[in-house]
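Novice: Provide a 3D model corresponding to the input given below.
(one chain, ligands or ions: 1)
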Amino acid sequence: MWYLHHTPWWLRALFAAGCTWQAPAQGGQVYLTFDDGPHPEATPLVLEALAAAGMQGTFFCIGKNVDRYPELYNRILAEGHAVGNHTMLHANGRHTSVEDYLLQIAQAGQRIGSNLFRPPYGQISRRQVAALRSRWPQADIVMWSVLSGDFDERKSGTYCFAQVERHLQPGGIVVFHDSTKALPRLREALPMTLQYLQSKGWQSVAMPSVSVPLV
Ligand SMILES: [Zn+2]
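Specialist: Numbers count the residues shown, from 1 in each chain. Sure thing, here's the model as predicted:
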C-alpha cells in the first residue's frame, strides 16, 4: 500500500475542484478527525481522551456502524463533536460506479445528519466529485493534510504521532481511525497528539458543518 503522510500541493491540485484539505486556522485551530466508527472500544477511548483535553473532533461514520452502535453515535453528538458521512459500507470510489457511490452516500445520509463527507481510502474520481456536488450542493468533501497512518499494522503509535508532530500546522486536518485495526496505534498516538497540541497552545475543534444530510 502506497500513501503519503503529508499531502503535497500536486496531489491536492488533482482534486482541486471542491475538496477541503485545510480549514480555518484562527487561534491555532486544528481538526482531529476519526474515520470508520462508531466502534465499541475505540470510539469511547477517543471521546474520553478528547473530553479530558477539552478538545473536539470530527467523526466520519460508516452508516452500517451507526446502525450497530446508535448509542455511540448519539454520544458523539451529545458531547459536542461534529459528524460526517463515510458511506454506508465504506465504498471504495475506485471500484464503485458513480450511481452506486451516490446511493451509498444517500443511505448513510439517512443516518448521519451532516453535510460533511469523506471518501473512504481517499478514493474519489473527478466524476464522482462532480456528481456528488451536483446532487448535494451543500456537501463539503473533506480530505486531510496529515495522515497519521494508524491503520498501518507495520507502524507504531509513536511513529504515527511523529508524523503529526512533523506535518501538522494550524488549520491542518489530521486523520485517525476509531476502528479495530487502528486501535493499538490510536491508543498510543492520540494521547501524545493531544499533549502536543496543548504544548503548542493549539486547539482541536469540530469541523464547521450544517445538519443538512446528504439524502
Ligand atoms: Zn474509512
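Novice: give me the buried positions along the longest helix along the chain.
Specialist: For the chain, the longest helix by residue count, based on DSSP state H, is helix 183-200. Residues of helix 183-200 classed as buried: 183, 185-194, 197 (neighbour count, 16 or more other CB atoms under 10 Å). In short, each C-beta sits where N, CA and C put it, glycine included.
Novice: please name every helix or strand in contact with it.
Specialist: helix 42-53, helix 157-167, strand 173-177, strand 203-204 (3 or more CB pairs under 8 Å, 6 or more residues apart in numbering; DSSP states H and E).
Novice: for these, give me CSV that also has mean pLDDT and mean neighbour count.
Specialist: Below are the helices and strands packed on helix 183-200 laid out as CSV (pLDDT from 0 to 100; neighbours: other CB atoms under 10 Å):
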stretch, mean pLDDT, mean neighbour count
helix 42-53, 98, 18
helix 157-167, 97, 18
strand 173-177, 98, 25
strand 203-204, 98, 20
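Novice: who wins for proximity to the ion among the ones you listed?
Specialist: Distance to the ion, taken as CB to the ion, is lowest for strand 173-177 among these, at 6.7 Å.
Novice: output the helices and strands packed on helix 183-200 as a markdown table; include the columns distance to Ile62.
Specialist: Putting the helices and strands packed on helix 183-200 into a markdown table (distance: least, CB to CB, whole Å) gives the following:
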| stretch | distance to Ile62 |
| --- | --- |
| helix 42-53 | 12 |
| helix 157-167 | 21 |
| strand 173-177 | 11 |
| strand 203-204 | 22 |
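Novice: save these as a markdown table, and put in distance to the ion too.
Specialist: Below are those laid out as a markdown table (distance: least, CB to the ion, whole Å):
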| stretch | distance to the ion |
| --- | --- |
| helix 42-53 | 13 |
| helix 157-167 | 16 |
| strand 173-177 | 7 |
| strand 203-204 | 19 |
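Novice: closest one to Arg127 among those?
Specialist: strand 173-177 (23.8 Å; CB to CB).
Novice: mean pLDDT per helix and strand in this structure: which one sits at the bottom?
Specialist: When each helix and strand of the chain is scored by mean pLDDT, DSSP states H and E, helix 9-14 comes last, with a mean of 64.
Novice: tell me the first helix or strand C-terminal of that one.
Specialist: Using DSSP states H and E, the helix or strand that follows helix 9-14 in sequence is strand 19-20.
Novice: excluding its backbone neighbours, what's nearest Arg135?
Specialist: Leu102 (6.1 Å; CB to CB, 6 or more residues apart in numbering).
Novice: for Val98, what are its contacts?
Specialist: 125, 127-128, 131 (CB atoms under 8 Å, 6 or more residues apart in numbering).
Novice: how close does it get to Ala131?
Specialist: 5 Å (CB to CB, to the nearest Å).
Novice: who in this protein is up against the ion?
Specialist: Contact residues, the chain versus the ion (CB under 5 Å from the ion): 35-36, 120.
Novice: kindly indicate which of those lies nearest Ala162.
Specialist: Nearest member of the residues of the chain next to the ion to Ala162, counting by CB to CB, is Asp35, at 20.2 Å.
Novice: model confidence for the closest one, exactly?
Specialist: We have a pLDDT of 98 for Asp35.
Novice: dihedrals phi and psi, it?
Specialist: Main-chain dihedrals, Asp35, degrees, to the nearest 10: phi -100, psi 150.
Novice: which residues does it contact?
Specialist: By CB under 8 Å, 6+ apart, the neighbours of Asp35 are 59-60, 86, 118, 120, 175-179.
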